[in-house]
Each structure stands twice: as C-alpha cells, then as structure tokens.
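**Student:** build me a model:
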Amino acid sequence: MDINYGALAIVAGYILLLGVISSLASSSVNSAGSFTSGHGKGHGTPSILIGLILMSEFIGTSTSVGTTQEAYKHGISAAWNVIALGLGFIVYAFLLARKYKESGENTISGIFAKAYGKRARLATSLVMVFALQIIAVATYAGGGAILSGLLGVNQTRATIVCGIIAVLYVCFGGMRSVIHTNIIHALMKYVSIGVALYFGLSQVGGHAGLHLRLEPHMFSWSHVGWAQIFAWFIAGMGATFSTQYVIQAISTVGNPVKAQVASFYSALFVIPFGIAVTIVGMTAKGLFPDIPSISAFSALIGQMDSLTAGIVAAGLAASLFGTSAAISIATATLLYKDVYRPFVSKAPAGAESAKDLTVVRCTTIVMGLLPIVFAIATPDILKIVFLGKALRTSLSVLVLFVFYAPGFGTRTGAPLSIFVSLIAVIGWFLAGNPFGIDNAYLAIGIPLVIMAMSEIYRRFTGKPAARPLAPNMGQE
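**Tutor:** Below is the predicted model:
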C-alpha cells in the first residue's frame, strides 16, 4: 500500500497536540508523588471524565484491532469481549468503586500489603506489571498493524514507531498528562469508529448488503461459543476489579460516591463502542473475504480518502496512546512504590527527593518501550489481551476477599495463590488451553482453592489471619 500523506498529516497533527498538552501538564509535576497520582487543586476530576478516561484506557488498539480481527472470523458474537468489560464496570460500581476510594490507596499492591503483608505486596506488584506488559505487547502490535498500511512500511517498523511515540508524551506530564490526553483520546475514538462504521456499511450496501455478503452464522450472538463468552466475562470483570490504572484513575475523583458514578459512565461508554467496532470487522469480511484477519481494519482504511482515513487512523492512534500511556504510568508507579522505595531508596515514608522523580520518569520510559520487542512477533492480538486479563482475574479474587471477607485466609496463602496462578495461567495458555478450558477459569479457581486451604490450615493451627483493611487511610 502506498503512503497516504493526507492521513499521515492528520495523525501527525494529533500527535503534536498530545505533545503540547503533555508539556502544559508537566508544569504541575514537581515530585514523584504528583507524577504518579495526578492530584491537583480542586475537588477531583469529574465522574463523567473519569468514565471517558477509563473507556480510553481499556479500549486500546489491542481491543479495537483485536475485536475487528475476531469479528472478521466469528461475526457479531465477537462483541461480547467488549460488552463483558462494560458489564464488569457495572459490577465494579456496585462492589468495589466506593471501597477502593475509601481505602485511600492508589495501588492495588498497597491495599494487599495492609491485609496480607509485604510479601503479598511485592507478589501483586510483579504480577500486575507482567500482566500490563502483556497488554502493552498486544496494544503495540495492533497499532503496528494499522500504521503499517497507512505509512506504507513493514509492520515491524510501524510497531517500533508506535512504541516510541506512545511513551514520549507521558514521561513529561505523568498521571496529569494521562488524565487530560485520555479524555481527548476517548472522544477521538468515538468519532473515528463512527466514521469507520458509516464507511464500511456504505461500501457493503448497508445492513441488508452485509447480510447478503456474509453467512448466517456471522450474525449469531453465540457463534463464538458460550464457553468462550463466559470466559470473556470472567476475564473482563477480573480486569476491571484489579487493574492498576483503574485504581489510579478512580483515586482522582472527589469522593466514594463519585467513584461509583464514574464506573457507571465507563460502562455506558464502553458497550456501544464494542458493538460498533465489531460491525466494522464484519464489513471488512464482506469487502475482503480472503485477507489475513489481522489486516481487516487496515484494509478498510486503505479504501478511504485521505480525510476519512486520517480521522479513523487518528482514532486508532488514540486507542494506542490511551492504553499505552496508562500502562506506562501504572507499571512505573508500582515499580517505584513497591521495588525502588523499599529495596533501593529505603527512604522514610513521605520523604521524596528530586532523584525520585527522575527514577519514576525513567521507569516510565523503559516500561513503555520494553513491549516493542515482543509486539513484533504477536500473531493473535485478542488472545494476548485476554491472557493479560486472566492474570489480573487472579488478583480480583483476592480483592473481593480483602473487602468482603476480611480475615479469610492467611498472609502466606495470598502470595502463594498469586504465584501459583501466574505459573498455571501462563502454562495453560502456552499449552493451547487444553480440553477447551480457557485459562480464565484457572485464574479464578486457583486463588479460591489455595485461600480456602489456607483458611482451613489456619483454623487447625491457630496461625494469624489476614488483617481487615481499615477505611479512610491516607495514601502512602
């Protein structure tokens, strides 16, 4: 495909806008704490904007391109993977949003440390970093698949470009930059997917023409299989329950009630987007029935004029930057708080130096660039996405124990369940999900079994139980 210079100019302009916003946000960053929390003056970020931010962070290129890829193969039933996220946010609103805000923590590892001790804190932090890096791999792979067609270069070079640009703007403005830019990303995504949906349907002759071009099973909501759909629900809820950048975003609102409302807004924004991007993948199948499924979205963009292609490509760039920025800042926050501070700096709680800000910024850059190496060789984006979600599902089980069964299990059982789940879920994934059992089922089952066994052991031996989490505690 030849380079579309008009579309490329629109994307470049969008990237320049992000740079300006990041530069402005950097003026309010004067410490590692302000870099990772994004706190500023006032009463917190409005709930509707947090809803947009969370939608922007969860709907990355891995989800956009991965869903079109799955829709190209299985039709409308692919939408369930995004709908599951929206329903996960609804459950999160009822069960966890207020409790996270009341805890006063902006890291999941900090919450676990109070209930299960330092070993659980370190285990949680490492697993979360690993899971988010997996999501980053899929995000960059999706961005590379799109920009390779737009730029007229091979996918490897496009993936490298995506990764480098994605991490640069967030390393200056920190969480404050992520908040501002992700609002713009969310709006841009909706505009672009609306344009892509209109273009795709117009090319196939509307809904009637789409039905003529595709086989009937492509319109079945259960074609992908109920076992797969249920696994998506488990992974979707697990991801919303325990993801680090969700907790960081929620912590910026003014009070627990607003945190709950923000979660409802997230669901409201996520679900329609998922349905729209699925239909886009189906239109690509109708137009290009014999291309590789990962090329579905880029092939559709290749048929557009410069203005339309530029708008859609800018929206996909927003998907890439929104998720990758959130992942970079989340992983940097965890490594700074749970590895650098206790094991390297060993500074007293609350004490920060200029070096701390340098460390957290450098960590943001490294953790943003590291996934590029693996993204180049990623074949199936959506499967990689749900591996990352499954790993976080294990943590969500413990989150529910912390808030709804305080004292259940032991301080040894929690980190053990985290590590066993990590090894088992990855091993099961690499083995190809034997017997048709998705790795998400292991992610939810293993922590339940190990924590139950540790509780039985505790009652027989009199070992100390996990500590209940005290509410309204200040952030570290």
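
**Student:** tally up the residues packed near residue 87, please.
**Tutor:** For residue 87, the number of neighbouring residues by other Cβ atoms under 10 Å comes to 18. (Glycine included, C-beta is placed from N, CA and C.)

**Student:** quick check, it in a helix?
**Tutor:** Yes. Secondary structure of residue 87 (DSSP: H, G, I helix; E, B strand; the rest coil): part of a helix.

**Student:** I figured it was touching residue 233, is that so?
**Tutor:** Yes. Contact criterion Cβ atoms under 8 Å: residue 87 and residue 233 qualify, at 6.9 Å.

**Student:** look up how far residue 135 lies from residue 267.
**Tutor:** The gap separating residue 267 from residue 135 is 20 Å, by Cβ to Cβ, to the nearest Å.

**Student:** who has more neighbours, these two?
**Tutor:** Higher neighbour count among residue 267 and residue 135: residue 135, with 31 against 22, using other Cβ under 10 Å.

**Student:** show me the helices in the stretch 151-300 of the chain, by range?
**Tutor:** Using DSSP state H, counting those that start in this stretch, the helices found in the stretch 151-300 of the chain span residues 155-168, 170-204, 206-213, 226-242, 244-250, 256-287, 296-301.

**Student:** mind checking which of these is nearest residue 462?
**Tutor:** Closest approach to residue 462 among these (Cβ to Cβ): helix 226-242, 30.5 Å.

**Student:** can you list the helices and strands that the closest one packs against?
**Tutor:** helix 80-95, helix 381-404, helix 439-461 (3 or more Cβ pairs under 8 Å, 6 or more residues apart in numbering; DSSP states H and E).

**Student:** mind giving me the packing neighbours of the shortest one?
**Tutor:** Other elements packing on helix 80-95 under the criterion 3+ Cβ pairs under 8 Å, 6+ apart are helix 61-74, helix 226-242, helix 256-287, helix 381-404.

**Student:** got the contact list for that helix?
**Tutor:** The contact list for helix 80-95 (Cβ atoms under 8 Å, 6 or more residues apart in numbering) reads 54, 58-59, 63, 66-67, 70, 221, 224, 229, 232-233, 235-241, 246, 260-261, 263-264, 266-268, 270-271, 273-275, 277-278, 382, 386, 400, 403-404.

**Student:** go again with 7 Å.
**Tutor:** For helix 80-95, the external contacting residues (Cβ atoms under 7 Å, 6 or more residues apart in numbering) are 58, 63, 67, 70, 229, 232-233, 236-237, 239-241, 260, 263-264, 266-267, 270-271, 273-274, 382.

**Student:** ok now that helix, how far from the chain's centre?
**Tutor:** Put simply, helix 80-95 sits 13 Å off its chain's centre (Cα atoms, centre = their mean, to the nearest Å).

**Student:** list the buried residues of that helix.
**Tutor:** Residues of helix 80-95 classed as buried: 80-93, 95 (neighbour count, 16 or more other Cβ atoms under 10 Å).

**Student:** now do the last one
**Tutor:** Using 16+ other Cβ under 10 Å as the burial criterion, the residues of helix 439-461 that qualify are 439-447, 450-451, 454-455, 458.

**Student:** what's the angle between the helix or strand hosting residue 145 and helix 155-168?
**Tutor:** Residue 145 is part of helix 118-151, with elements assigned from DSSP states H and E. Counting by axes from the mean of the first three to the mean of the last three Cα atoms, to 10 degrees, helix 118-151 lies at 120 degrees to helix 155-168.

**Student:** circling back to that earlier point, please convert the helices and strands packed on helix 80-95 to a markdown table, extending it with mean pLDDT.
**Tutor:** Below are the helices and strands packed on helix 80-95 laid out as a markdown table (pLDDT from 0 to 100):
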| stretch | mean pLDDT |
| --- | --- |
| helix 61-74 | 85 |
| helix 226-242 | 86 |
| helix 256-287 | 93 |
| helix 381-404 | 84 |
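
**Student:** just say which of those is most tucked in.
**Tutor:** Neighbour counts (mean count of other Cβ atoms under 10 Å) averaged over each of the helices and strands packed on helix 80-95 peak at helix 61-74, with a mean of 28.

**Student:** which secondary structure elements does that one sit against?
**Tutor:** Where contact means 3 or more Cβ pairs under 7 Å, 6 or more residues apart in numbering; DSSP states H and E, helix 61-74 is packed against helix 80-95, helix 118-151, helix 256-287, helix 296-301, helix 306-335, helix 381-404.
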